[in-house]
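**Student:** no letters, just coordinates:
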């Protein structure tokens, strides 16, 4: 089952629309202590890491539905409904993806998750050769990690 | 029940550390400029559409596209906006696309250093 949609329309209580801070960007930490997205970024060439980071910062500054995506951030659909992905291509044409969930809700709900403000949760990465497709099994793995993340109160994130 | 508040500053600390590397900073700033430009064009089109009181479906009809392609463009559901679609939408909204050169100084920096001067200091 896809995670509940958290598209950002719900106002984060306690803050005026004109005074919104950028959303936080947090990285899911697995039960074994690994942080898949950070390990992925650390392993990328610096220029690719920089591009992923720039996209995350742009989205955090103007979270959905305000940000159009700038050509690199996409709302996913069907079995991946509720997820967002950042899509980049390496110079060698390998396709790189970071999968994200939005953490938004009332201030009480955010506090329950341990989050001081709404956040983009970066969960796992995937990569694939040019002109190949991810399988449903690949996406299933992403959803499982996302489900694990959403079961945690407070969230288990890298700090 | 309220949970203990988490430290959500890791991303910012990591970014600030990485920005000490000039190559990383240049790539970051280039990506940020590209994102901002693409986003600004799409947002401006959507704003023009709203000002004219035209629905996304009607706009799609006027450019002979299906409604979903226009809706996707305006809702972060299309990763690579097509330039012909953007141009068609601008035309249908009584606007046009232009490439505007930056300042002489910025262009000189491109000629001499291969990239624009730093436009933002985020780190």
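**Tutor:** Right, received. Where do you want to start? Worth saying up front: this structure is predicted, and the values here are computed from it rather than measured.

**Student:** all contacts plus neighbour counts: C-alpha atoms, from now on.
**Tutor:** Will do.

**Student:** for chain B, longest helix please?
**Tutor:** helix B:22-51 (DSSP state H).

**Student:** tell me how far that one is from the chain's mean position?
**Tutor:** Helix B:22-51 sits 2 Å away from the centroid of its parent chain (Cα atoms, centre = their mean, to the nearest Å).

**Student:** one more: stretch A:138-157?
**Tutor:** The mean C-alpha position of stretch A:138-157 is separated from the chain mean by 11 Å, Cα atoms, centre = their mean.

**Student:** report the buried residues of it.
**Tutor:** Under the neighbour-count criterion of 16 or more other Cα atoms under 10 Å in any protein chain shown, stretch A:138-157 has A:142, A:143, A:145, A:146, A:148, A:149, A:150, A:153, A:154, A:155, A:156, A:157 buried.

**Student:** just checking, the fourth one touches residue A:123?
**Tutor:** Pointing back at residue A:146 there. Yes - if you go by Cα atoms under 8 Å, residue A:146 and residue A:123 touch, sitting 6.5 Å apart.

**Student:** now for those two: what residues contact both?
**Tutor:** Common contacts of residue A:146 and residue A:123 (Cα atoms under 8 Å, 6 or more residues apart in numbering or on different chains): residue A:101.

**Student:** before we move on, what SS does the most centrally placed residue in chain A have?
**Tutor:** Centroid-nearest residue in chain A: residue A:100, 1.8 Å away (criterion: Cα atoms, centre = their mean). Three-state assignment for residue A:100 (DSSP: H, G, I helix; E, B strand; the rest coil): strand.

**Student:** what does chain B put close to chain A?
**Tutor:** Taking Cα under 8 Å from any Cα of the partner chain, the part of chain B that reaches chain A is made up of B:1-11, B:15, B:23-25, B:27-29, B:31-32, B:34-39, B:42-43, B:73-81.

**Student:** out of those residues, which are buried?
**Tutor:** Buried by 16+ other Cα under 10 Å: B:3, B:5-6, B:8, B:10-11, B:15, B:24-25, B:27-29, B:31-32, B:34-36, B:38-39, B:42-43, B:73-81, out of those.

**Student:** report the helix or strand with the lowest average pLDDT across chain A.
**Tutor:** For chain A, counting by mean pLDDT, DSSP states H and E, strand A:73-75 ranks last in confidence among helices and strands (a mean of 87).

**Student:** state the next helix or strand along the chain beyond that strand.
**Tutor:** Remark: after strand A:73-75, the chain's next helix or strand is strand A:84-89, criterion DSSP states H and E.

**Student:** what bridges to the residue nearest to the centre of chain A?
**Tutor:** Residue A:100 has these beta-bridge partners by DSSP bridges: residue A:84, residue A:122.

**Student:** quick one: it from chain B, how far?
**Tutor:** Per Cα to the nearest Cα, to the nearest Å, residue A:100 is found 14 Å from chain B.
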